[in-house]
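I'd like to go over a predicted model; first the sequence, then the structure.
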Amino acid sequence: MNENQFDVIIVGAGPAGLTAGLYASRRDLKTLIVSKNLGGQAVLSHEIENFPGFEAIDGISLIQKMSHQVLAFGAEIKYGEVKEIKKNKAGFIVKFGDHEFECKTVILALGLLPKTLDVAGEKKLLGRGVCYCATCDGPLYRNKIVAVVGGGNSALGAAQYLSGLAKQVYLIHRREEFRGEEYKVKELKKTKNVTILLNTDVVEIKGQHLVESLVLKDKTKNENIELGINGMFIEIGYSANIDFLNDLVQANKNKEIITDKNTKTSCSGIFACGDVTDVADKQMVISAGEGAKAALEAYRFIHAQKSAKAEEKVLPDWE
């Protein structure tokens, strides 16, 4: 292989992509990880308590450890944006910046980007009270005052979950009615420590070093109010950027890549893992596990291409 040819190219360098890189390089596959940044959403977490092996670790430190381990086994990491992936006789061409790389297999580990409110203080206090995942960061706000912003099922579920941890939960929605399931709304209305604020916009998130309060606009009364809180959870959805794939793989209406239980996509030789897939739960440890599966499937695919003899197929590691 020349310097632009690889066994596998992994698109994305979050927990899924880095774990895929680790497993692929340990199987002696020439591996390239390409990504706009290192870590994805994981680096936004101020404290992680649910990743096995660490009682508590911040996202940046966890990703640094993972990337060092990947590089130690020989994988390469390049930063930039993938513009296109297309099939050729040898496998695939990945257009990356001003370069083109050739590979036998592709692993898509793109992750998802949380939708933001785009209000003052949001970026400054990210990871310091501004959160996008109640499951990930909720336990950090036990017996504290929190706000959840959103009107869909993810916001309703986050508010219900946090009501069992926090002292007080404010559920803020910009419309007069929720978009989520009615039974969830009814349950929240019965929950004593949940206060629902409808027809209300978030204007500003305030705090010197940590979130201290929210400036809200009550659109019914046309006036601003300030609400003291310790943390907020923005649950207004996520977006996946898969347009560059040009329908190379099948996706659902939410632009999640559809995979089977072994991370295979609708395109032979392309595998997908992590939050960008239609896996039900978007958690770092699940993404890491799916990344390992994708790399092992890519190895089996490459091995099968080399040998037509059934007896030489790669057996499961427990046989």
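The structure has been received and is ready for your questions.

And for Glu55, the neighbour number?
7 (other C-beta atoms under 10 Å). Yep, even glycine has a C-beta here, placed from its N, CA and C like the rest.

nope, Gly80 is what I was after
There are 13 residues near Gly80, going by other C-beta under 10 Å.

and it, how far is that from Val276?
18 Å (C-beta to C-beta, to the nearest Å).

ok, now Tyr79?
18 Å.

Of these two, which one has the most company?
Counted by other C-beta under 10 Å, Tyr79 and Val276 do not tie: Val276 has more neighbours, with 28 against 13.

what's the helix or strand for the closest residue to that one other than its chain neighbours?
Among residues not flanking Val276 along the chain, Leu110 sits closest, at 4.2 Å (C-beta to C-beta, 6 or more residues apart in numbering). Following DSSP states H and E, there is no helix or strand that holds Leu110.

Give me the phi and psi angles of Leu110.
The phi/psi pair for Leu110 (degrees, to the nearest 10) reads phi -70, psi -30.

Which residues are in contact with it?
Neighbour list for Leu110: Val11, Gly12, Ala240, Asn241, Ile242, Gly274, Val276 [criterion: C-beta atoms under 8 Å, 6 or more residues apart in numbering].

again, but for Val203
Val203 neighbours (C-beta under 8 Å, 6+ apart): Val119, Ala120, Leu214, Val215, Leu216, Lys217, Asn224.

Tell me which helix or strand it sits in.
strand 200-206.

Okay, now the sheet partners of the helix or strand just after that strand, with direction.
Of the helices and strands lying after strand 200-206 in sequence (DSSP H and E), the nearest is strand 213-218. With DSSP bridges as the test, strand 213-218 is paired with strand 200-206 (antiparallel), strand 223-228 (antiparallel).

Which of those has the highest mean neighbour count?
strand 200-206 (a mean of 20; mean count of other C-beta atoms under 10 Å).

Could you give the average pLDDT over it?
The average pLDDT within strand 200-206 is 98.

for it, the distance to its chain's centre please.
On the basis of C-alpha atoms, centre = their mean, to the nearest Å, strand 200-206 sits 25 Å off its chain's mean C-alpha point.

In stretch 131-150, which residues are buried?
In terms of neighbour count (16 or more other C-beta atoms under 10 Å), stretch 131-150 has its buried residues at 131-134, 136-138, 140-141, 144-150.

typo on my end, it should be stretch 32-47
Across stretch 32-47, burial judged by 16+ other C-beta under 10 Å covers 32-35, 38-46.

Backbone dihedrals for the residue lying closest to Thr105 once chain neighbours are set aside, please?
Closest residue to Thr105 apart from its sequence neighbours, by C-beta to C-beta, 6+ apart: Ala298 at 4.2 Å. In terms of degrees, to the nearest 10, the main-chain angles of Ala298 are phi -60, psi -40.
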